[in-house]
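Participant: next come a sequence and a model predicted from it.
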Amino acid sequence: MNHVRVETCFAKGERMKIVVDLIRCQGYAQCIFAAPTVFRLHGDEALEFDYEPDDAVRAEVLRAVAACPVQAIKVGWTGEEPQGGGDA
């Protein structure tokens, strides 16, 4: 089982941002189970997500990053490169 460690250090006032490599994404939908207010399916396969979710769902988003079996999700904060996932 792969474990992904995501650093959660950020400056006060910075907003979380999410990047999903939709080429890498295989539609396992584990992100939807981990963070249903942020990730959702449109139709049968198209992933929709909130690019800059509220900080209140930060823990859910980080669980979604860790749950993605193909490491297609990266998370970062405004002003820095997204981290997490693979080399997407």
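Facilitator: Received, thanks.
Participant: neighbours around residue 38, how many?
Facilitator: 20 (other Cβ atoms under 10 Å). Just so you know, the C-beta spots here come from the backbone N, C-alpha and C atoms, and that holds for glycine as well.
Participant: these two touch, right, it and residue 48?
Facilitator: No. Judged on Cβ atoms under 8 Å, residue 38 makes no contact with residue 48 at a distance of 9.7 Å.
Participant: which regions of this protein sit below the pLDDT cut-off?
Facilitator: Scanning the chain for pLDDT under 70 picks out 1-13, 79-88.
Participant: show me where it has its helices.
Facilitator: Remark: helices assigned in the chain by DSSP state H are 30-34, 58-67.
Participant: same list, the ones you listed, but as a markdown table with mean neighbour count and distance to residue 43 please.
Facilitator: Below are the helices of the chain laid out as a markdown table (neighbours: other Cβ atoms under 10 Å; distance: least, Cβ to Cβ, whole Å):
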| stretch | mean neighbour count | distance to residue 43 |
| --- | --- | --- |
| helix 30-34 | 19 | 13 |
| helix 58-67 | 20 | 20 |
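Participant: how about the ones you listed in TSV, adding distance to residue 17?
Facilitator: What follows is the helices of the chain, written out as TSV (distance: least, Cβ to Cβ, whole Å):
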stretch	distance to residue 17
helix 30-34	15
helix 58-67	10
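Participant: can you tell which of the ones you listed is closest to residue 19?
Facilitator: helix 58-67 (10.5 Å; Cβ to Cβ).
Participant: who's residue 39 bridged to?
Facilitator: residue 49 (DSSP bridges).
Participant: which ones are touching it?
Facilitator: 29, 31, 32, 47, 48, 49, 50, 64 (Cβ atoms under 8 Å, 6 or more residues apart in numbering).
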